[in-house]
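# Mind looking at a prediction? Sequence and model below.
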Amino acid sequence: VHTGDRPQSPMCNRDRLYNTYLEQDRKGKPVMYVKLKKALYGTLQAAMLFWKDLTKKLKRWGYVINPYDWCVANKMVHGKQCTVVWHVDDLKISHVDPTVVQSLLDLLNGEYGKINPLVTTHGNQHDYLGMTLDYSEDGKVKIIMTDYIEKMLDELPDDMDGDAGTPASLHLFSIRDDPVLLDTPTAELFHHYTAKLLFLSRRARPDIQTAVSFLTKRVKAPDEDDYKKLRRTMQYLRGSMDILLTLEADNVRIVKWWVDASYAVHDDLKSHTGGTMSLGKGSIYSASKTQRLNTKSSTEAELVGVDDVSAQILWTRYFLEGQGYDVKDNTLYQDNQSAMLLEKNGRASSSKRTRHINIRYFFITDRIKSKELNVAYCPTGDMVADYFTKPLQGSAFRKLRDIIMNVCKKVVHFGIGHGTTGVC
(Lines give C-alpha, C1' and ligand atoms only; values in the text may rest on other atoms or scores of the structure.)
Protein backbone atom coordinates (compact mmCIF):
# COMPACT_ATOMS: atom_id res chain seq x y z
CA VAL A 1 0.00 0.00 0.00
CA HIS A 2 1.40 3.38 -1.02
CA THR A 3 0.37 6.67 0.55
CA GLY A 4 0.71 10.17 -0.85
CA ASP A 5 -0.94 13.45 -1.68
CA ARG A 6 -3.86 13.57 -4.08
CA PRO A 7 -2.50 13.36 -7.64
CA GLN A 8 -2.45 16.68 -9.47
CA SER A 9 -2.07 15.57 -13.09
CA PRO A 10 -4.84 16.61 -15.55
CA MET A 11 -6.25 13.08 -15.60
CA CYS A 12 -6.53 13.01 -11.82
CA ASN A 13 -8.23 16.37 -11.23
CA ARG A 14 -11.69 14.89 -11.46
CA ASP A 15 -12.55 15.31 -7.79
CA ARG A 16 -15.91 13.63 -8.23
CA LEU A 17 -14.07 10.39 -9.06
CA TYR A 18 -11.35 10.52 -6.43
CA ASN A 19 -12.90 12.27 -3.43
CA THR A 20 -14.38 8.96 -2.36
CA TYR A 21 -10.88 7.57 -1.81
CA LEU A 22 -9.40 10.57 0.00
CA GLU A 23 -8.66 10.48 3.70
CA GLN A 24 -6.95 12.90 6.04
CA ASP A 25 -3.80 12.34 8.02
CA ARG A 26 -3.24 13.62 11.57
CA LYS A 27 -2.50 17.13 10.30
CA GLY A 28 -5.61 17.24 8.15
CA LYS A 29 -3.66 16.83 4.91
CA PRO A 30 -5.55 14.88 2.22
CA VAL A 31 -3.96 11.56 1.31
CA MET A 32 -4.89 8.71 -0.96
CA TYR A 33 -4.13 5.05 -0.34
CA VAL A 34 -3.38 3.05 -3.46
CA LYS A 35 -2.83 -0.69 -3.78
CA LEU A 36 -0.39 -1.43 -6.61
CA LYS A 37 -0.75 -4.35 -9.01
CA LYS A 38 3.02 -4.33 -9.51
CA ALA A 39 5.93 -2.97 -7.48
CA LEU A 40 6.64 0.72 -8.03
CA TYR A 41 9.98 0.76 -9.85
CA GLY A 42 12.84 2.78 -8.44
CA THR A 43 12.16 2.45 -4.73
CA LEU A 44 14.45 0.68 -2.29
CA GLN A 45 11.49 -1.18 -0.79
CA ALA A 46 10.46 -2.54 -4.20
CA ALA A 47 13.99 -3.78 -4.92
CA MET A 48 14.17 -5.50 -1.54
CA LEU A 49 10.72 -7.10 -1.94
CA PHE A 50 11.66 -8.41 -5.38
CA TRP A 51 14.99 -9.76 -4.12
CA LYS A 52 13.26 -11.62 -1.30
CA ASP A 53 10.62 -13.03 -3.62
CA LEU A 54 13.05 -14.04 -6.37
CA THR A 55 15.47 -15.61 -3.88
CA LYS A 56 12.66 -17.65 -2.34
CA LYS A 57 11.52 -18.91 -5.74
CA LEU A 58 15.05 -19.74 -6.96
CA LYS A 59 15.67 -21.75 -3.80
CA ARG A 60 12.38 -23.57 -4.33
CA TRP A 61 13.55 -24.44 -7.85
CA GLY A 62 16.79 -25.92 -6.50
CA TYR A 63 19.20 -22.98 -6.82
CA VAL A 64 21.80 -22.19 -4.16
CA ILE A 65 22.66 -18.58 -3.34
CA ASN A 66 26.36 -17.69 -3.31
CA PRO A 67 27.06 -16.77 0.36
CA TYR A 68 29.41 -13.97 -0.75
CA ASP A 69 27.01 -12.35 -3.22
CA TRP A 70 23.33 -12.73 -2.51
CA CYS A 71 22.43 -11.72 -6.05
CA VAL A 72 24.10 -14.79 -7.58
CA ALA A 73 22.46 -18.23 -7.61
CA ASN A 74 23.65 -21.56 -9.05
CA LYS A 75 22.23 -24.96 -9.86
CA MET A 76 23.79 -28.03 -11.45
CA VAL A 77 21.70 -29.12 -14.47
CA HIS A 78 22.82 -32.06 -16.62
CA GLY A 79 26.23 -31.94 -14.98
CA LYS A 80 26.82 -28.26 -15.85
CA GLN A 81 26.28 -25.18 -13.73
CA CYS A 82 23.44 -22.78 -14.46
CA THR A 83 24.15 -19.33 -13.00
CA VAL A 84 21.71 -16.50 -12.41
CA VAL A 85 22.97 -13.02 -11.54
CA TRP A 86 20.77 -9.99 -11.08
CA HIS A 87 20.79 -6.29 -10.28
CA VAL A 88 17.40 -5.10 -8.99
CA ASP A 89 15.17 -6.78 -11.63
CA ASP A 90 17.68 -7.19 -14.47
CA LEU A 91 18.65 -10.86 -14.68
CA LYS A 92 21.44 -12.57 -16.61
CA ILE A 93 21.18 -16.36 -16.97
CA SER A 94 23.88 -18.61 -18.39
CA HIS A 95 24.19 -22.34 -19.13
CA VAL A 96 25.87 -24.31 -21.91
CA ASP A 97 22.47 -25.71 -22.94
CA PRO A 98 20.04 -23.04 -24.23
CA THR A 99 17.06 -25.25 -23.33
CA VAL A 100 18.04 -25.03 -19.65
CA VAL A 101 18.01 -21.24 -19.86
CA GLN A 102 14.62 -21.32 -21.59
CA SER A 103 13.19 -23.61 -18.93
CA LEU A 104 14.11 -21.13 -16.23
CA LEU A 105 12.73 -18.25 -18.32
CA ASP A 106 9.43 -20.14 -18.59
CA LEU A 107 9.29 -20.47 -14.80
CA LEU A 108 10.07 -16.77 -14.35
CA ASN A 109 7.46 -15.79 -16.93
CA GLY A 110 4.91 -17.85 -15.07
CA GLU A 111 5.65 -15.92 -11.88
CA TYR A 112 6.42 -12.39 -13.11
CA GLY A 113 4.98 -12.21 -16.63
CA LYS A 114 1.29 -12.45 -15.80
CA ILE A 115 0.56 -8.78 -16.56
CA ASN A 116 3.23 -8.21 -19.22
CA PRO A 117 5.58 -10.88 -20.66
CA LEU A 118 9.21 -10.58 -19.59
CA VAL A 119 11.53 -8.90 -22.07
CA THR A 120 14.37 -11.29 -22.93
CA THR A 121 17.33 -11.41 -25.29
CA HIS A 122 19.23 -14.50 -26.45
CA GLY A 123 22.55 -14.96 -28.21
CA ASN A 124 26.11 -13.73 -27.94
CA GLN A 125 25.44 -10.00 -27.35
CA HIS A 126 23.50 -8.56 -24.45
CA ASP A 127 22.81 -5.00 -23.29
CA TYR A 128 23.09 -5.16 -19.53
CA LEU A 129 23.30 -2.30 -17.02
CA GLY A 130 24.51 0.21 -19.58
CA MET A 131 27.08 -2.17 -21.11
CA THR A 132 27.09 -4.39 -24.18
CA LEU A 133 28.51 -7.79 -23.26
CA ASP A 134 29.85 -9.43 -26.41
CA TYR A 135 30.60 -13.18 -26.28
CA SER A 136 30.97 -13.58 -30.05
CA GLU A 137 34.58 -14.80 -29.83
CA ASP A 138 35.11 -18.11 -28.10
CA GLY A 139 36.73 -17.75 -24.68
CA LYS A 140 36.41 -13.96 -24.65
CA VAL A 141 33.99 -11.33 -23.45
CA LYS A 142 34.18 -7.72 -24.63
CA ILE A 143 32.77 -4.99 -22.42
CA ILE A 144 31.52 -2.29 -24.81
CA MET A 145 30.22 1.19 -23.98
CA THR A 146 31.02 2.95 -27.26
CA ASP A 147 27.52 4.42 -27.64
CA TYR A 148 27.73 5.83 -24.12
CA ILE A 149 31.08 7.50 -24.90
CA GLU A 150 29.89 8.90 -28.23
CA LYS A 151 26.78 10.41 -26.67
CA MET A 152 28.80 11.95 -23.86
CA LEU A 153 31.37 13.44 -26.24
CA ASP A 154 28.64 14.85 -28.50
CA GLU A 155 27.16 16.75 -25.55
CA LEU A 156 30.43 18.40 -24.51
CA PRO A 157 31.05 22.12 -24.99
CA ASP A 158 33.21 23.17 -27.93
CA ASP A 159 36.23 23.96 -25.73
CA MET A 160 36.64 20.23 -25.05
CA ASP A 161 37.27 19.34 -28.71
CA GLY A 162 40.50 17.67 -29.76
CA ASP A 163 42.41 14.45 -28.99
CA ALA A 164 45.03 13.45 -26.42
CA GLY A 165 47.40 10.50 -26.18
CA THR A 166 46.90 9.88 -22.44
CA PRO A 167 44.02 10.52 -20.01
CA ALA A 168 46.09 12.90 -17.85
CA SER A 169 49.28 14.93 -17.93
CA LEU A 170 52.14 14.53 -15.46
CA HIS A 171 50.75 17.23 -13.16
CA LEU A 172 47.42 15.43 -12.60
CA PHE A 173 47.80 15.43 -8.79
CA SER A 174 49.08 19.03 -8.57
CA ILE A 175 46.85 21.71 -6.99
CA ARG A 176 47.53 25.45 -7.04
CA ASP A 177 47.79 27.41 -3.79
CA ASP A 178 45.62 30.18 -5.30
CA PRO A 179 43.11 28.38 -7.56
CA VAL A 180 40.50 30.17 -9.65
CA LEU A 181 37.21 28.43 -8.86
CA LEU A 182 34.71 27.65 -11.59
CA ASP A 183 31.43 29.53 -11.75
CA THR A 184 28.32 27.59 -10.67
CA PRO A 185 27.10 26.43 -14.12
CA THR A 186 30.59 25.26 -15.13
CA ALA A 187 31.11 23.56 -11.75
CA GLU A 188 27.83 21.69 -12.22
CA LEU A 189 28.95 20.64 -15.69
CA PHE A 190 32.25 19.43 -14.22
CA HIS A 191 30.39 17.39 -11.59
CA HIS A 192 28.00 15.93 -14.17
CA TYR A 193 30.67 14.69 -16.54
CA THR A 194 32.97 13.48 -13.79
CA ALA A 195 30.10 11.28 -12.56
CA LYS A 196 29.62 9.92 -16.10
CA LEU A 197 33.34 9.15 -16.34
CA LEU A 198 33.22 7.34 -13.00
CA PHE A 199 30.39 5.14 -14.29
CA LEU A 200 32.39 4.40 -17.44
CA SER A 201 35.73 3.75 -15.72
CA ARG A 202 34.28 1.17 -13.35
CA ARG A 203 32.82 -0.89 -16.17
CA ALA A 204 34.40 -0.67 -19.61
CA ARG A 205 37.32 1.76 -19.46
CA PRO A 206 39.64 1.13 -16.50
CA ASP A 207 42.36 2.87 -18.54
CA ILE A 208 40.94 6.25 -17.40
CA GLN A 209 40.57 5.24 -13.75
CA THR A 210 43.64 7.06 -12.41
CA ALA A 211 42.49 10.38 -13.87
CA VAL A 212 38.91 9.81 -12.70
CA SER A 213 40.03 8.98 -9.16
CA PHE A 214 41.49 12.48 -8.93
CA LEU A 215 38.60 14.26 -10.65
CA THR A 216 36.05 12.74 -8.26
CA LYS A 217 37.84 14.36 -5.33
CA ARG A 218 37.53 17.80 -6.94
CA VAL A 219 33.78 18.01 -7.52
CA LYS A 220 33.04 20.01 -4.33
CA ALA A 221 35.11 23.02 -5.37
CA PRO A 222 36.54 22.53 -8.88
CA ASP A 223 38.89 25.13 -10.29
CA GLU A 224 40.05 26.04 -13.78
CA ASP A 225 42.90 23.52 -13.66
CA ASP A 226 40.45 20.76 -12.78
CA TYR A 227 38.36 21.71 -15.82
CA LYS A 228 41.43 21.37 -18.02
CA LYS A 229 42.12 17.93 -16.51
CA LEU A 230 38.55 16.86 -17.27
CA ARG A 231 39.02 18.13 -20.82
CA ARG A 232 42.23 16.08 -21.17
CA THR A 233 40.42 12.88 -20.18
CA MET A 234 37.60 13.57 -22.64
CA GLN A 235 40.13 14.24 -25.39
CA TYR A 236 41.83 10.92 -24.66
CA LEU A 237 38.50 9.09 -24.95
CA ARG A 238 37.81 10.81 -28.27
CA GLY A 239 41.15 9.56 -29.60
CA SER A 240 40.76 5.99 -28.27
CA MET A 241 37.16 5.11 -29.16
CA ASP A 242 38.22 1.80 -30.71
CA ILE A 243 39.81 0.46 -27.50
CA LEU A 244 37.62 -2.18 -25.86
CA LEU A 245 38.10 -4.08 -22.62
CA THR A 246 38.48 -7.75 -23.58
CA LEU A 247 38.60 -10.38 -20.82
CA GLU A 248 39.92 -13.93 -21.12
CA ALA A 249 40.43 -16.53 -18.39
CA ASP A 250 43.31 -19.00 -18.62
CA ASN A 251 42.41 -20.74 -15.36
CA VAL A 252 39.63 -19.64 -13.01
CA ARG A 253 41.42 -21.43 -10.15
CA ILE A 254 44.50 -19.21 -10.45
CA VAL A 255 43.93 -15.59 -9.42
CA LYS A 256 46.65 -12.98 -9.80
CA TRP A 257 46.80 -9.53 -8.24
CA TRP A 258 49.17 -6.60 -8.61
CA VAL A 259 49.29 -3.86 -5.96
CA ASP A 260 51.55 -0.82 -5.94
CA ALA A 261 51.73 2.62 -4.33
CA SER A 262 53.23 5.98 -5.28
CA TYR A 263 54.66 7.61 -2.18
CA ALA A 264 53.55 11.13 -1.10
CA VAL A 265 52.39 12.20 -4.57
CA HIS A 266 49.39 14.25 -3.46
CA ASP A 267 49.25 17.87 -2.37
CA ASP A 268 48.72 16.81 1.26
CA LEU A 269 51.63 14.32 0.89
CA LYS A 270 49.38 11.28 0.98
CA SER A 271 50.29 8.34 -1.23
CA HIS A 272 48.24 6.74 -3.98
CA THR A 273 47.25 3.07 -4.19
CA GLY A 274 46.85 1.12 -7.42
CA GLY A 275 45.65 -2.45 -7.77
CA THR A 276 44.43 -4.79 -10.48
CA MET A 277 43.40 -8.43 -10.92
CA SER A 278 43.31 -10.83 -13.83
CA LEU A 279 42.51 -14.46 -14.52
CA GLY A 280 44.62 -14.43 -17.68
CA LYS A 281 44.19 -11.49 -20.04
CA GLY A 282 42.55 -8.15 -19.34
CA SER A 283 41.86 -6.49 -16.02
CA ILE A 284 38.72 -7.82 -14.32
CA TYR A 285 39.06 -5.56 -11.29
CA SER A 286 41.11 -2.42 -10.82
CA ALA A 287 41.44 0.26 -8.16
CA SER A 288 43.04 3.69 -8.04
CA LYS A 289 42.61 5.61 -4.81
CA THR A 290 44.22 8.16 -2.54
CA GLN A 291 45.39 6.62 0.71
CA ARG A 292 43.46 7.79 3.75
CA LEU A 293 46.49 8.41 5.96
CA ASN A 294 49.97 9.81 5.61
CA THR A 295 52.83 7.36 5.65
CA LYS A 296 56.49 7.76 6.62
CA SER A 297 58.11 5.76 3.82
CA SER A 298 57.49 4.05 0.50
CA THR A 299 57.49 0.70 2.32
CA GLU A 300 54.72 1.85 4.61
CA ALA A 301 52.80 3.21 1.62
CA GLU A 302 53.04 -0.22 -0.02
CA LEU A 303 51.67 -1.86 3.14
CA VAL A 304 48.77 0.59 3.25
CA GLY A 305 48.19 -0.11 -0.45
CA VAL A 306 47.89 -3.84 0.18
CA ASP A 307 45.57 -3.12 3.07
CA ASP A 308 43.43 -0.97 0.75
CA VAL A 309 42.95 -3.85 -1.70
CA SER A 310 43.10 -6.84 0.70
CA ALA A 311 39.33 -6.97 1.30
CA GLN A 312 38.70 -7.32 -2.43
CA ILE A 313 41.50 -9.89 -2.77
CA LEU A 314 40.00 -12.12 -0.10
CA TRP A 315 36.38 -11.57 -1.15
CA THR A 316 37.22 -12.59 -4.74
CA ARG A 317 38.67 -15.87 -3.53
CA TYR A 318 35.66 -16.57 -1.33
CA PHE A 319 33.25 -15.65 -4.12
CA LEU A 320 34.94 -17.98 -6.62
CA GLU A 321 34.85 -20.78 -4.08
CA GLY A 322 31.17 -20.02 -3.53
CA GLN A 323 30.75 -20.51 -7.28
CA GLY A 324 32.24 -23.98 -6.96
CA TYR A 325 35.80 -23.24 -8.08
CA ASP A 326 38.59 -24.64 -5.91
CA VAL A 327 41.07 -21.75 -5.97
CA LYS A 328 44.56 -23.26 -6.15
CA ASP A 329 46.58 -20.05 -6.20
CA ASN A 330 45.74 -16.51 -5.05
CA THR A 331 48.95 -14.56 -5.62
CA LEU A 332 49.68 -10.93 -4.83
CA TYR A 333 52.57 -9.42 -6.82
CA GLN A 334 54.57 -6.50 -5.41
CA ASP A 335 57.79 -4.71 -6.34
CA ASN A 336 58.83 -3.58 -2.83
CA GLN A 337 60.76 -6.41 -1.16
CA SER A 338 60.89 -4.67 2.24
CA ALA A 339 57.10 -4.57 2.32
CA MET A 340 56.98 -8.21 1.27
CA LEU A 341 59.28 -9.22 4.16
CA LEU A 342 57.02 -7.46 6.66
CA GLU A 343 53.94 -9.14 5.19
CA LYS A 344 55.51 -12.59 5.22
CA ASN A 345 57.36 -12.49 8.55
CA GLY A 346 55.28 -10.14 10.66
CA ARG A 347 56.96 -9.13 13.92
CA ALA A 348 60.18 -10.93 12.98
CA SER A 349 60.87 -8.28 10.33
CA SER A 350 59.62 -5.35 12.38
CA SER A 351 61.77 -2.49 13.65
CA LYS A 352 61.26 0.80 15.47
CA ARG A 353 60.47 2.46 12.12
CA THR A 354 57.62 0.06 11.32
CA ARG A 355 56.29 -0.86 14.75
CA HIS A 356 53.42 1.64 14.51
CA ILE A 357 51.93 -0.16 11.49
CA ASN A 358 52.04 -3.67 12.89
CA ILE A 359 48.31 -4.29 12.61
CA ARG A 360 48.30 -3.77 8.85
CA TYR A 361 50.98 -6.26 7.94
CA PHE A 362 49.93 -8.67 10.70
CA PHE A 363 46.55 -8.96 8.94
CA ILE A 364 48.26 -9.91 5.67
CA THR A 365 50.72 -12.18 7.51
CA ASP A 366 47.80 -14.05 9.05
CA ARG A 367 46.21 -14.59 5.63
CA ILE A 368 49.52 -15.77 4.17
CA LYS A 369 49.93 -18.29 7.00
CA SER A 370 46.38 -19.55 6.47
CA LYS A 371 47.19 -20.17 2.76
CA GLU A 372 44.45 -17.80 1.60
CA LEU A 373 47.03 -15.61 -0.09
CA ASN A 374 50.67 -15.70 -1.10
CA VAL A 375 53.02 -12.87 -2.03
CA ALA A 376 55.52 -12.88 -4.90
CA TYR A 377 57.99 -10.37 -6.31
CA CYS A 378 57.32 -8.57 -9.57
CA PRO A 379 59.98 -6.36 -11.23
CA THR A 380 59.03 -2.70 -11.25
CA GLY A 381 59.03 -2.57 -15.06
CA ASP A 382 56.33 -5.26 -15.14
CA MET A 383 54.22 -3.88 -12.27
CA VAL A 384 50.83 -3.45 -13.95
CA ALA A 385 49.38 -1.72 -10.88
CA ASP A 386 51.84 1.14 -11.39
CA TYR A 387 49.43 2.32 -14.08
CA PHE A 388 46.86 3.13 -11.39
CA THR A 389 49.22 5.01 -9.05
CA LYS A 390 50.33 7.88 -11.27
CA PRO A 391 49.68 9.45 -14.70
CA LEU A 392 52.09 7.52 -16.90
CA GLN A 393 53.10 8.83 -20.31
CA GLY A 394 54.55 7.54 -23.57
CA SER A 395 55.61 3.94 -24.05
CA ALA A 396 55.20 3.03 -20.36
CA PHE A 397 51.57 4.17 -20.55
CA ARG A 398 50.84 2.30 -23.77
CA LYS A 399 52.49 -0.91 -22.60
CA LEU A 400 50.47 -1.19 -19.40
CA ARG A 401 47.28 0.21 -20.95
CA ASP A 402 47.33 -2.48 -23.60
CA ILE A 403 47.84 -5.20 -20.99
CA ILE A 404 45.01 -3.91 -18.80
CA MET A 405 42.58 -3.56 -21.71
CA ASN A 406 43.92 -6.64 -23.56
CA VAL A 407 44.10 -4.82 -26.87
CA CYS A 408 47.28 -6.44 -28.20
CA LYS A 409 46.85 -8.22 -31.51
CA LYS A 410 49.01 -11.21 -30.63
CA VAL A 411 49.66 -12.08 -26.99
CA VAL A 412 49.14 -10.12 -23.80
CA HIS A 413 49.46 -12.23 -20.67
CA PHE A 414 49.21 -11.25 -17.05
CA GLY A 415 51.71 -12.98 -14.84
CA ILE A 416 54.01 -15.00 -17.04
CA GLY A 417 56.84 -15.83 -14.68
CA HIS A 418 56.81 -13.22 -11.93
CA GLY A 419 55.39 -10.34 -13.90
CA THR A 420 53.83 -9.60 -17.28
CA THR A 421 54.73 -9.83 -20.92
CA GLY A 422 53.08 -8.45 -23.98
CA VAL A 423 53.69 -8.68 -27.70
CA CYS A 424 51.65 -6.29 -29.86
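Thanks, I have it. Numbering: from 1, shown residues only.

# For the stretch 101-250 of the chain, give me the ranges with low pLDDT.
When the per-residue scores of the stretch 101-250 of the chain are filtered using pLDDT under 70, no range remains.

# give me that answer again for 90
With pLDDT under 90 as the threshold, the stretch 101-250 of the chain has low-confidence stretches at 114-116.

# what ranges do the helices span in it?
Taking DSSP state H, counting those that start in this stretch as the criterion, the stretch 101-250 of the chain carries its helices at 146-155, 184-201, 209-215, 224-239.

# For Phe50, which of those helices is the nearest?
Taking CB to CB as the criterion, helix 184-201 is the member of those that comes nearest to Phe50, at 23.1 Å. Heads up, the C-betas are built off the backbone N, CA and C, glycines and all.

# Surely Gly275 and Ser286 touch.
Yes - contact status for Gly275 versus Ser286: in contact at 6.8 Å, counting by CB atoms under 8 Å.

# Mutual contacts of these two, please.
Between them, Gly275 and Ser286 share the neighbouring residues Phe388, with contact defined by CB atoms under 8 Å, 6 or more residues apart in numbering.

# and the helices of the stretch 101-250 of the chain, which is most packed in?
For these, the largest average neighbour count (mean count of other CB atoms under 10 Å) is found in helix 209-215, namely a mean of 25.

# mind checking how far Tyr112 is from Leu118?
6 Å (CB to CB, to the nearest Å).

# And the helices of the stretch 101-250 of the chain: which comes nearest Asp366?
Asp366 lies closest to helix 209-215 among these, at 29.0 Å (CB to CB).

# if we can go back for a sec, the more surrounded of Tyr112 and Leu118?
Regarding Tyr112 and Leu118, a neighbour count based on other CB atoms under 10 Å identifies Tyr112 as having more, with 18 against 13.

# Which one's more surrounded, Gly275 and Ser286?
Using other CB under 10 Å as the criterion, Gly275 and Ser286 rank with Gly275 on top: 27 against 23.

# Give the full set of residues in contact with the closest residue to the more buried one other than its chain neighbours.
Of all residues not flanking Gly275 in the chain, Val309 sits nearest, at 3.9 Å (CB to CB, 6 or more residues apart in numbering). Applying CB under 8 Å, 6+ apart, we find Val309 in contact with Trp257, Val259, Thr273, Gly275, Ala287.

# and Val309, helix, strand or coil?
In terms of secondary structure, Val309 is helix; the call rests on DSSP: H, G, I helix; E, B strand; the rest coil.

# now it: how far from Gln209?
Taking CB to CB as the measure, Val309 falls 13 Å from Gln209.

# Spell out which residues are contacts of both of the two.
Taking CB under 8 Å, 6+ apart as the criterion, Val309 and Gln209 both touch Ala287.

# residues in contact with Tyr148?
Gly130, Leu200, Ala204.

# got a list of what the second one touches?
Under the criterion of CB under 8 Å, 6+ apart, the contact partners of Leu200 comprise Met145, Tyr148, Ile149, Met152, Ile208.

# Show me the helices in the stretch 301-424 of the chain, by range?
With DSSP H, counting those that start in this stretch applied, the stretch 301-424 of the chain shows helices at 337-345, 358-369, 394-405, listed in chain order.
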